[in-house]
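>>> kindly return the folded structure for what I paste below:
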Amino acid sequence: MTSPTPPHVPRALVIGLCIGAALVLAPFWTWLVLAVWVGQLGRRLVRPLTRLTGRRQRAAAVLTAALIALIVVPIGLLAVTLIADAIALADRLLASKEVRAVFEELVTEGASASSSAPNPIDLIVAHGSRAWGLVSVVFAVAAKVLLGLFVFISGTYVVLADGPHAYRWFERHAPLEPATVRRFAAAFTETGHGLFIGVGGAGLAQAIVATIAYLVIGVPEPFVLGLLTLVASVVPSVGTAFVWVPVAIGLALTGRTDAAIGLAVIGVAVIGTIDNVVRPALARWGQLDLPAYLIMVGMFGGLALVGAAGIILGPLVLRLAKEALTMAHDERQAEAPPPPVSQLR
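From the prediction side, this is the model:
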């Protein structure tokens, strides 16, 4: 009995549908890439948890729940901080004579038209549309972030629960040789490990130490400065100094000399030591086969090209491009004819 002939699918149709699928996934490509990287980092925990829970899907669910907790707790703390700042701002506004005059105008009969307090109706007409536009933008961004987080968390669960099967399917059906797919997959995984562990781990350690120092010293907005320290840590060797040095100078100029000296000592002795000691140690587990300078330029270039997502896109494209060039070079070397015997003597 002969096997049935597989149906013929026009190549143009395959290409068109693949492009359509890529366009559908494009709005969430950053979250999907992060989900794959985080799922690959957590796959070492899946096997022991599978022995405890009995099923891989249950182990993936436990790890996903832990990931949700790691995301929700910092967001909750940030929300509490923002609410406290909003309440403090409202208290300062209510203590202002101009704002009090506006509210008194609402309940005062026979208010003089020549009153110095602005008319509330005029304020609403003048600034209502602008305020509504701002609120709309805030809600749109919040909705996009929440949807992205949902895609990220659900994608991480899928990678943990069924990642190896999905990769084997992709390797069989990709329009590339399996060896080529494996090389690109290894470079893709290496980029995630390098950014999370080699770059992000050291930067996070520096940001935590700097934030604690800002809190102890009593610097305003310590969490914002800590976030800036994390961002600046991608610059090799002196990145975090772009944040704590101006803060120390500001403390000195405002008469807080002891605090400025203390922050300078922490910056040089602790934060600098973390960069010189912790980063090389973490690089053993998260080695990214790109020079540190090129990683930094890739982040900044991607940031300028596509916005915040470029922090991931830049190093990823550079690493995949390097792998492609390496494979092309290896192919040329393999196809090159052997040198004449006379040259070997």
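
>>> any idea how this protein splits into domains?
With domains defined by automatic domain parsing, the chain comprises 27-103+136-173, 178-328.

>>> next one: the first one to chain centre, how far?
What it means is domain 27-103+136-173. 11 Å (CA atoms, centre = their mean, to the nearest Å).

>>> pLDDT on it, on average?
Averaged over domain 27-103+136-173, pLDDT sits at 80.

>>> endpoints of that domain, how far apart?
End-to-end distance of domain 27-103+136-173 (CA to CA, to the nearest Å): 24 Å.

>>> and what of the last one?
For domain 178-328, the first and last residues are 15 Å from each other (CA to CA).

>>> avg pLDDT for that domain?
Domain 178-328 carries an average pLDDT of 82.

>>> and residue 49, how close does it get to residue 66?
10 Å (CB to CB, to the nearest Å). For the C-beta atoms, the positions are set from N, CA and C on the backbone; glycine is no exception.

>>> quick one: which of those two has more around it?
Between residue 49 and residue 66, counting by other CB atoms under 10 Å, residue 49 is the more crowded of the two (19 against 12).

>>> contacts for the host helix or strand of that one next, please.
Per DSSP states H and E, residue 49 falls inside helix 29-53. Residues from elsewhere that reach helix 29-53, judged by CB atoms under 8 Å, 6 or more residues apart in numbering: 25, 56, 58-60, 62-63, 67, 148-149, 151-156, 158-160, 163, 188-189, 192-193, 195-196, 309, 312-313, 316.

>>> select only the buried ones of those in PyMOL?
Selection of buried members from those for PyMOL, criterion 16 or more other CB atoms under 10 Å:
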select buried, resi 56+59+60+62+63+67+148+151+152+153+155+156+158+159+160+163+188+192+193+195+196+312+313+316
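
>>> now, the contacts of helix 29-53 that are in helices?
Among those, the members falling in helices (DSSP state H) are 25, 56, 58-60, 62-63, 67, 148-149, 151-156, 158-160, 163, 188-189, 192-193, 312-313, 316.

>>> could you list the buried residues of stretch 287-305?
Along stretch 287-305, these residues count as buried under the neighbour rule (16+ other CB under 10 Å): 288, 290, 292, 294, 295, 296, 298, 299, 301, 302.

>>> got those as a markdown table, with secondary structure columns?
Listed next are those as a markdown table, based on DSSP: H, G, I helix; E, B strand; the rest coil:
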| residue | secondary structure |
| --- | --- |
| 288 | coil |
| 290 | coil |
| 292 | helix |
| 294 | helix |
| 295 | helix |
| 296 | helix |
| 298 | helix |
| 299 | helix |
| 301 | helix |
| 302 | helix |
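
>>> dump the C-alpha coordinates for stretch 192-204 into PDB.
C-alpha atoms of stretch 192-204 as PDB (Å, rounded to 0.1, in the frame of the first residue of the first chain):
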ATOM      1  CA  GLY A 192      19.500  35.700  27.500                       C
ATOM      2  CA  HIS A 193      21.800  34.200  30.100                       C
ATOM      3  CA  GLY A 194      24.400  36.900  29.500                       C
ATOM      4  CA  LEU A 195      22.000  39.800  29.800                       C
ATOM      5  CA  PHE A 196      20.100  38.400  32.900                       C
ATOM      6  CA  ILE A 197      23.100  37.000  34.800                       C
ATOM      7  CA  GLY A 198      26.200  38.600  33.500                       C
ATOM      8  CA  VAL A 199      24.900  42.200  33.000                       C
ATOM      9  CA  GLY A 200      21.600  42.300  34.900                       C
ATOM     10  CA  GLY A 201      22.900  40.400  38.000                       C
ATOM     11  CA  ALA A 202      25.800  42.700  38.600                       C
ATOM     12  CA  GLY A 203      23.800  45.800  37.900                       C
ATOM     13  CA  LEU A 204      21.000  44.700  40.200                       C
END
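
>>> can you give me how far that stretch is from the chain middle?
For stretch 192-204, the distance to the chain centre is 11 Å (CA atoms, centre = their mean).

>>> ok, stretch 324-333 next?
Here the centre of stretch 324-333 is set off from its chain's centre by 32 Å, with CA atoms, centre = their mean.

>>> may I see the buried residues of it?
residue 327.

>>> what do you get for stretch 265-272?
Residues of stretch 265-272 classed as buried: 266, 267, 271, 272 (neighbour count, 16+ other CB under 10 Å).

>>> perfect, I'm done here.
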